[in-house]
Structure formats: structure tokens, C-alpha cells
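Peer 1: Structural data only, the sequence is not supplied:
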């Protein structure tokens, strides 16, 4: 079983739509959950960082963690063409000192 | 805003040659990492480095790879004898000392081995 699973998409939505991106993970010891955005041929850019279960909101982005289901989500409200990118979930065991384990990334296209 | 920088942005080399990829982490960060991403595949961890020594390395990080922090600002990844399968995007990342901090990535070096 893979440590982190993420549907690679692609996902295509119209501008203004609500986007839901998801990952599942296998090890209940994981504690820190991150979402990175990666534009083509660029480095991952940190979007959201959460610890433990619950929601965290930052502008149009909401990260949700359900540790009982080992399920993490990123919601994008009022999606814009500039949100078109690959979204990577990443997890690790403790405080970011350890390696990040990435999902495959979901490619999102927001069309005008 | 402070950022991680990497040089060169692109590197083309012949199989068997040595390459050195350079990174300048964020200045007050103490934890450093290298990851790679083969085209179309996921980002994979290579090695982490703290207090002038390797703290963790993956199976990919074999004897052909080495890392060094030669001075107070640079962090390098050396591949001694490149193979075709080393062609990938290599990302450097750094992290501060706070428990709730996470890793910030550089823009990457695209390595092509011919």
C-alpha cells in the first residue's frame, strides 16, 4: 500500500467553481499535513500547513484533515485561471524535521 | 520575502561525468534537504542534513551521491558519475528550527544526462 495516494487528474473546472482536492494516507503516525502548489517546471510552493484534525482557512483556500479516515482535502473557492497548477499533498511524522512524503499531485486547469 | 535559491537552473552533462548542484537556503534555517522529481513522477526525498551531517537518506541516495555545506551559506549535492536515470529536476529545501515550521523549496535544477 502506498504511503500517500492522490488522484493525478487532470481536473478541469470553470472559473469561479469550488475545487476539491484529496489525498489518503496509510500510516496513522503521520501528524503534519501540507499542500504545495507547483507550476510547470517550478519548485513546490507551500500553500497550507496543518497539524492534527480539523480545518484551516487562508483566503480562498481551506485545508481539512480527518485523521480518523486518514483523509486530507484542499478546497479552493472562487477558482481563478491563475490557480491552474499541480497541487501536491505532503505529509510527515513530526515537526517537519523528517522527510516529506508527497502524493503524485493533481493537475488542475481552471478555464475562463 | 526570503527564499531558497538554486544554481544552475539547467545542467546538461554526459553520462559518467560529475555534477555539483548548488543551493543557498534561507539564511536562518538549519535543516536542509534534497529532493528530486523525474519528469511526470512524484517528488521523492533524497537526503536531509543537519548540524553538518546527514540525518536521513533514501535508497536512491547511494554512494554516487554526496552532500556538503562548504560554508555558511551554500548547500551542495554532488553526483560523482552520472547515469541516464539521474535525469530529473532536483529541488533543495530548507527549514527553520520551529516545531511547526515546514520546508521551503527552491526553484530546482533541471539535470539532463546524455
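Peer 2: Great, that's in hand. Just so it is clear, the model here is predicted, and its values are computed rather than measured.
Peer 1: Would you mind listing what in chain A touches chain B?
Peer 2: A:32, A:34, A:36, A:41-46, A:49, A:51, A:88, A:90, A:95-105 (Cβ under 8 Å from any Cβ of the partner chain). Heads up, the C-betas are built off the backbone N, CA and C, glycines and all.
Peer 1: number of nearby residues for residue B:87?
Peer 2: Neighbour count of residue B:87, defined by other Cβ atoms under 10 Å in any protein chain shown: 18.
Peer 1: How about residue B:2?
Peer 2: By other Cβ under 10 Å, 11 other residues sit near residue B:2.
Peer 1: quick one, what contacts the nearest residue in space to it that is not next to it in sequence?
Peer 2: Using Cβ to Cβ, 6 or more residues apart in numbering or on different chains and skipping the chain neighbours, the partner closest in space to residue B:2 is residue B:26 (4.5 Å). Counting by Cβ atoms under 8 Å, 6 or more residues apart in numbering or on different chains, residue B:26 makes contact with B:2-4, B:94, B:96, B:104.
Peer 1: switch to 6 Å and redo it
Peer 2: B:2, B:4, B:94 (Cβ atoms under 6 Å, 6 or more residues apart in numbering or on different chains).
Peer 1: confidence score at the second one?
Peer 2: Read that as residue B:4. Note for residue B:4: predicted pLDDT of 95.
Peer 1: for residue A:29, same thing?
Peer 2: Looking at residue A:29, its pLDDT is 82.
Peer 1: Which stretches in chain B count as strands?
Peer 2: B:5-7, B:10-13, B:19-24, B:31-37, B:44-50, B:53-57, B:65-68, B:75-79, B:88-95, B:104-105, B:109-113 (DSSP state E).
Peer 1: Can you give the distance from the fifth one to the centre of its chain?
Peer 2: How far strand B:44-50 lies from its chain's middle: 8 Å, per Cα atoms, centre = their mean, to the nearest Å.
Peer 1: do the same with the shortest one
Peer 2: Its chain's average C-alpha position is 11 Å from that of strand B:104-105, according to Cα atoms, centre = their mean.
Peer 1: List the contacts of it.
Peer 2: Residues outside strand B:104-105 that contact it (Cβ under 6 Å, 6+ apart) are A:43-44, B:4, B:91, B:93.
Peer 1: run the last query once more with 8 Å
Peer 2: In this structure, residues lying in contact with strand B:104-105 by Cβ under 8 Å, 6+ apart are A:36, A:43-46, B:3-4, B:26, B:29, B:35, B:91-95.
Peer 1: Which residues lie in contact with the most centrally placed residue in chain B in this structure?
Peer 2: Within chain B, one residue has its C-alpha closest to the average C-alpha position: by Cα atoms, centre = their mean, that is residue B:34, at 3.2 Å. The neighbours of residue B:34, taking Cβ under 8 Å, 6+ apart as the test, are B:21, B:23, B:46-47, B:67, B:77, B:90-93.
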